[in-house]
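Chemist: no FASTA, just this:
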C-alpha cells in the first residue's frame, strides 16, 4: 500500500510541475520513449496523446519528468 501511495504522490507532484512549467500544450506533437503523438489531455496524473494509429497513449506524469520529451510542433 505504501508503494502505491508513493507512486500516486510522485505523479501528482510531477503533474503540478508539468502544469506550471508547460513544456508542451494541447495539440502539440511530442515524442516520448519512441512514441509520437498529439497531446489531447494534460492532467495531474498523466498526459494523454493520440498516436498515428489514433490510439490513446497514457503517460504517467512522473515518467514525463524522468525522461527526454521531444516537442515536434503544433498541429
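Modeler: Structure's in. What do you need? Computed from a predicted model, the values in this text were never measured in an experiment.

Chemist: what is the burial count for the closest residue in space to residue 37 that isn't next to it in sequence?
Modeler: Leaving out its chain neighbours, the residue that sits closest to residue 37 by Cβ to Cβ, 6 or more residues apart in numbering is residue 49, at 3.4 Å. For glycine as for every other residue, the C-beta is placed from the backbone atoms N, C-alpha and C. Other residues lying near residue 49 total 24 when counted by other Cβ atoms under 10 Å.

Chemist: could you do residue 57 as well?
Modeler: Other residues within reach of residue 57, judged by other Cβ under 10 Å, total 17.

Chemist: could you point out the longest helix of this structure?
Modeler: helix 2-21 (DSSP state H).

Chemist: buried residues in that one?
Modeler: The neighbour-count check on helix 2-21 (16 or more other Cβ atoms under 10 Å) flags 10-11, 14-15, 17-18 as buried.
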